[in-house]
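**Student:** I would like to see how this sequence folds:
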Amino acid sequence: MPDMILMEMEEKMEERVKRLRHELAKIRTGRANPKMFDDVHVDYYGVPTPITQVGQIAIPEPTQIVIKPYDKSIVKAIERAILVANLGINPNNEGDKLRIVFPALTMERRKELTKKVKKYGEEAKVSIRNYRRDANDDIKKLEKKSEISEDDCKGYQEDVQEFTNTYSDKIDQCVIDKDKDIMSI
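**Tutor:** The predicted structure follows:
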């Protein structure tokens with residue numbers, strides 16, 4: 001039973017780190033990154049469809065993205081979807097494709113983005129600590145019910161803390177990597 005608690009907690013922590021990586025991938029760094037369009041959906045014949053399914057995303061230069069739809073009639077719909085997604089970019093409609101040019105980030109904007117990254121990292125750490133608390137509470141309940149001994153309870157709580165430390169370090173590394181990416185010119 002305590003092993004199930006640990007396994008569930010580890011799955012939640014792993015999922016939270018994945019979600020943090022996904023959130024960080026959407027933050028603009030001054031370089032073209034097609035992942036920023038992962039959550040943008042185009043109204044394609046009445047069905048919200050991801051951009052990656054209605055067109056090809058290419059990166060001809062480090063500061064440009066070109067989106068070439070498979071169906072040329074939806075160029076306007078893709079343009080509208082990008083503008084509605086509020087990504088802070090303006091696509092240039094070239095008739096059969098969209099070109100997005102990323103201007104260089106100012107130092108002030110870079111600092112704002114690093115603050116945002118740190119905020120996301122701290123939110124993820126709070127989630128990890130909440131998972132730790134929940135797992136420890138469940139283990140203590142098992143001890144009160146006499147399903148596990150006091151020594152086993154302490155051992156499992158140490159395991160919970162090890163998982164917490166491991167995933168907290170992963171979050172720190174994600175934040176450090178993204179900060180380096182943002183601050184590199």
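**Student:** so for the helix or strand hosting Asn136, what's the average pLDDT?
**Tutor:** Per DSSP states H and E: Asn136 is located in helix 107-144. Helix 107-144 shows a mean pLDDT of 92.
**Student:** who does the longest strand seen in the chain pair up with?
**Tutor:** Taking DSSP state E as the criterion, the chain has its longest strand at strand 64-69. Partners of strand 64-69 in the sheet, by DSSP bridges, are strand 55-58 (antiparallel), strand 98-101 (antiparallel).
**Student:** Pull out the buried residues from that strand.
**Tutor:** 65-69 (16 or more other C-beta atoms under 10 Å). (Glycine included, C-beta is placed from N, CA and C.)
**Student:** same thing with stretch 126-145?
**Tutor:** Those would be 127-128, 131-132, 135-136, 138-139, 142-143, for stretch 126-145 by 16+ other C-beta under 10 Å.
**Student:** Any chance of these in TSV with distance to Val54 as columns?
**Tutor:** Converted to TSV, the buried residues of stretch 126-145 look like this (distance: C-beta to C-beta, whole Å):
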residue	distance to Val54
Ser127	33
Ile128	36
Tyr131	37
Arg132	42
Ala135	43
Asn136	47
Asp138	45
Ile139	49
Leu142	51
Glu143	55
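**Student:** tell me which of these is nearest to Met9?
**Tutor:** Ala135 (4.2 Å; C-beta to C-beta).
**Student:** low-confidence ranges in this protein?
**Tutor:** 185 (pLDDT under 70).
**Student:** got the domain boundaries for it?
**Tutor:** 2-26+106-183, 34-101 (automatic domain parsing).
**Student:** Quick check: Lys12 touching Tyr131?
**Tutor:** Yes: taking C-beta atoms under 8 Å as the definition, Lys12 is a contact partner of Tyr131 at 5.0 Å.
**Student:** tell me which element the spatially closest residue to Lys118 that is not a sequence neighbour is part of?
**Tutor:** Nearest residue to Lys118 in three dimensions, chain neighbours excluded: Val175, at 6.2 Å (C-beta to C-beta, 6 or more residues apart in numbering). If you go by DSSP H and E, Val175 is part of helix 150-183.
**Student:** Can you point out the buried residues in that helix?
**Tutor:** Under 16+ other C-beta under 10 Å, the buried positions of helix 150-183 are 153, 156-157, 159-160, 163-164, 167-168, 170-171, 174-175, 178-179, 181-182.
**Student:** tilt between that helix and helix 107-144?
**Tutor:** 170 degrees (axes from the mean of the first three to the mean of the last three C-alpha atoms, to 10 degrees).
**Student:** and helix 150-183, what other elements does it pack with?
**Tutor:** helix 2-25, helix 107-144 (3 or more C-beta pairs under 8 Å, 6 or more residues apart in numbering; DSSP states H and E).
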